[in-house]
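Engineer: model this:
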Amino acid sequence: MRRLLLFLVFPLLATADVRLPAILGDHMALQAQMPLHFWGWADPGEKVEVKFRGQSASTTAEADGRWSLYLNPEAAGGPDTVEIAGRNRIRLDDVLVGEVWVGSGQSNMVFPVKNANDADKEIAAASFPEIRIFKVKLETASEPKQDVEGEWVACSPQTAGDISGVGYFFSRDLHQKLGGPIGFIQSAWGGTPAQAWTPYEELDGDPALHQVIDIGVRRSTLTRARWCATRKLSIAGRRKPQPLARPGRRPRASRSRHAAPATSTSRPCFTTR
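Structural biologist: This next block holds a predicted model:
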């Protein structure tokens with residue numbers, strides 16, 4: 001009986017594999033001329049090594065299982081292979097290095113190529129294997145998440161239709177101008193309110209925005225509990241929400257059905273943890 005018990009318990013003691021976030025995967029694009037950030041999860045204390053283009057670096061997972069390291073900047077080009085080794089090994093193939101941009105916001109950024117002018121013609125001509133797209137799956141959360149769902153794909157007539165119109169035309173023009181790989185990370189959700197994109201602490205720090213939280217807490221038990229704990233109020237004894245301050249009215253801007261072009265205020269980004 002003792003031997004059988006040990007046999008049944010043993011799988012529970014097995015070590016966890018090194019794991020990467022979804023954004024580090026096959027066909028990804030890494031930012032050129034900037035330190036290359038790799039991160040993920042492993043067993044506490046586990047050594048993790050990353051190799052890329054002749055470079056290698058290693059680190060040890062923290063007590064919570066997280067690990068993070070950087071490789072030196074690399075020039076645009078590829079494809080290449082990334083190797084990650086811990087107790088298990090991960091190989092990422094078809095990796096490019098170039099210009100990586102994030103497209104975020106609401107409906108103007110979501111507006112897909114398939115709804116643009118001359119969509120059929122544009123999609124048929126969208127054969128750009130050096131343009132890589134990562135589309136973040138839309139999912140609500142009461143707290144910032146450590147990972148997302150999505151995968152890198154090469155731009156082609158089969159994938160271009162559902163890409164952000166802004167993202168596609170911007171990436172195509174930049175690719176044709178620079179002659180190198182482009183990565184575009186699409187994280188946009190049409191119709192989302194401004195508070196959905198605002199850190200909780202910023203809303204809490206402005207009394208004029210407390211009503212926004214009062215509305216939100218009725219939709220989320222987790223946020224309601226956090227709000228009450230932070231403000232040291234009981235749910236039963238809450239103050240009456242105060243009305244928002246209303247500044248002078250501004251002229252209403254007409255809404256365009258077409259996606260607005262990306263501007264120079266956007267910036268390359270591939271170091272988000």
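Engineer: only C-alpha atoms from now on, for both contacts and neighbour counts.
Structural biologist: OK.
Engineer: correct me, but W101 touches S187?
Structural biologist: No - applying Cα atoms under 8 Å, one finds W101 not in contact with S187, separated by 10.8 Å.
Engineer: higher neighbour count, the two?
Structural biologist: Taking other Cα atoms under 10 Å, W101 and S187 do not tie; W101 has more neighbours (22 against 18).
Engineer: and that one, that one's in a strand?
Structural biologist: Yes - under DSSP: H, G, I helix; E, B strand; the rest coil, W101 sits within a strand.
Engineer: helix or strand: which one has D214?
Structural biologist: helix 210-217 (DSSP states H and E).
Engineer: all the strands of the stretch 51-200 of the chain, residue numbers only.
Structural biologist: Taking DSSP state E, counting those that start in this stretch as the criterion, the stretch 51-200 of the chain contains strands spanning 55-60, 66-71, 77-85, 89-105, 128-135, 152-155, 182-188.
Engineer: mean neighbour count, those: which tops it?
Structural biologist: Neighbour counts averaged per stretch over these are highest for strand 182-188, at a mean of 25; criterion: mean count of other Cα atoms under 10 Å.
Engineer: give the partner strands of it in its sheet and their orientations.
Structural biologist: Using DSSP bridges, strand 182-188 pairs in its sheet with strand 89-105 (parallel), strand 128-135 (parallel).
Engineer: dump those to CSV, plus distance to A57.
Structural biologist: Formatted as CSV, these follow (distance: least, Cα to Cα, whole Å):
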stretch, distance to A57
strand 89-105, 15
strand 128-135, 26
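Engineer: would TSV of those strands with distance to F38 and mean pLDDT be doable?
Structural biologist: Output for these, formatted as TSV (distance: least, Cα to Cα, whole Å; pLDDT from 0 to 100):
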stretch	distance to F38	mean pLDDT
strand 89-105	12	97
strand 128-135	17	98
